[in-house]
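Peer 1: Generate a structure from the sequence data that follows.
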Amino acid sequence: MKAIQISMTGGPEVLETIELPIPEPGYDEVLIRANSIGVGKPDVLMRTGVYRWSPPLPAILGNEMSGHIEKTGPGVNEFVVGQPVLVFGTGGGRYAEYNSVSTSLVTPLSDNINLEDAVSIPNYIIAWAMLFEAARGINPNIAYVNGASGGVGTAIIDICKSQGIDIIGGTSSDEKCEFISEFGATHTINYAREDVVKRVLDLTEGKGVELVFDHLIGGRFTDTLDMLMPLGMIISFNALSGMPDEELFSAMRKRAAKSLAVRCFSWHCYDDNLKKRKEIIEAVVAQFAQGKLNPPLYKRLALTDARLAHEMLDRREVRGKIILKP
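Peer 2: Predicted structure coming up:
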């Protein structure tokens, strides 16, 4: 089988197409023949060596894959050959024509879920967990998402839209603003040329938003506190632009009268709570089965074009999801 492997960290050029034998499923494992493989920012972090859950090198990249059960290993009773499934785990291994994985990483899918759409389900799982778990106690009428045109950003827009929540999306270009507006964002902000805090306050008649989703952070992150309503919250789910210049707790104490909150979120908070993890995954899968969520597809590429997919990510041109096809 073909697989995409890295033997060293670096740019897209470190991705290599290799040939490997098709694996045999072990105890409580299933062999899955890939239909679609998701490409996302965690893959780039793994490729560049900054992803803390990276496997040892050489390694096959990828965390998301949809496909069909090809073979079941000893001890497997809940899956059958031919069944459509999603594989979602954070340790890599998905950039391959076949995967042999623990059943703990496998979620059954109904026949009416498009398998190309299914590889976006992990983005929606993260968005769902942030909105309904990490931000519990806040029932927002309006929220802001930074970097809104990517996989998780569009998932946040889609879920908010389905829940009747107004969403302001921030992106780095007018083209991306147009894309998220057409996808369903209530308002858009080009943060490359606009003052985000001022625009958010203008759009909300000075009130601000109840919730902010931010995976960029960056030097001026603490300015974001000024566009929150009292008791508002920022959820940080990465820090791709680095840490804030101002010490965060001091900045929050300056605004103590608003009783603000900042939460750092990682899906790994459910590593020891498999019941809750399963509940969240099943809730999102049910939304897909009912046709309530519709992920945008940016590019469909051959598995052997994985390097090109990473070049697109590095250029920050992606609007929606890139998938690889075996």
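Peer 1: For A239, give me the pLDDT.
Peer 2: At A239, the model reports a pLDDT of 89.
Peer 1: any idea which helix or strand carries it?
Peer 2: In the assignment (DSSP states H and E), A239 maps to no helix and no strand.
Peer 1: can you pull the contacts of the closest residue to it other than its chain neighbours?
Peer 2: In space, and not counting its chain neighbours, A239 is closest to I217: 4.1 Å by CB to CB, 6 or more residues apart in numbering. (C-beta placed from N, C-alpha, C; glycine too.) By CB atoms under 8 Å, 6 or more residues apart in numbering, the contact list for I217 reads S236, N238, A239, L240, S241, G242, M243, P244.
Peer 1: Just the residues contacting stretch 51-63, thanks.
Peer 2: For stretch 51-63, the surrounding residues in contact (CB under 8 Å, 6+ apart) are 3-9, 15, 37-40, 42-43, 45-47, 88-96, 122, 268, 306.
Peer 1: Show the end-to-end separation of it, please.
Peer 2: Stretch 51-63 has an end-to-end distance of 12 Å (CA to CA, to the nearest Å).
Peer 1: starting at the chain centroid, how far to it?
Peer 2: On the basis of CA atoms, centre = their mean, to the nearest Å, stretch 51-63 sits 17 Å off its chain's mean C-alpha point.
Peer 1: cool, and stretch 1-8?
Peer 2: Computed by CA atoms, centre = their mean, the separation of stretch 1-8 from the middle of its chain amounts to 22 Å.
Peer 1: give me the element the residue nearest the centre of the chain is part of.
Peer 2: The chain has N123 as the residue nearest its centroid, 3.3 Å off, counting by CA atoms, centre = their mean. Counting by DSSP H and E, the element that carries N123 is helix 121-129.
Peer 1: could the contacts of I217 be laid out in CSV, adding neighbour count and distance to V196?
Peer 2: Below are the contacts of I217 laid out as CSV (neighbours: other CB atoms under 10 Å; distance: CB to CB, whole Å):
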residue, neighbour count, distance to V196
S236, 22, 15
N238, 17, 18
A239, 15, 17
L240, 15, 16
S241, 16, 13
G242, 11, 17
M243, 12, 18
P244, 17, 14
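Peer 1: Now for V14, how many residues are close by?
Peer 2: Using other CB atoms under 10 Å, V14 has 18 other residues around it.
Peer 1: for G10, that is, sorry about that
Peer 2: So G10, with other CB under 10 Å, has 12 neighbours.
Peer 1: that older thread, point out the other helices and strands that the helix holding N123 packs with.
Peer 2: If contacts are counted by 3 or more CB pairs under 8 Å, 6 or more residues apart in numbering; DSSP states H and E, helix 121-129 sits against strand 84-88, helix 151-162, helix 274-289.
Peer 1: what residues go with each domain of the protein?
Peer 2: The chain breaks down into these domains under automatic domain parsing: 2-120+295-325, 122-268.
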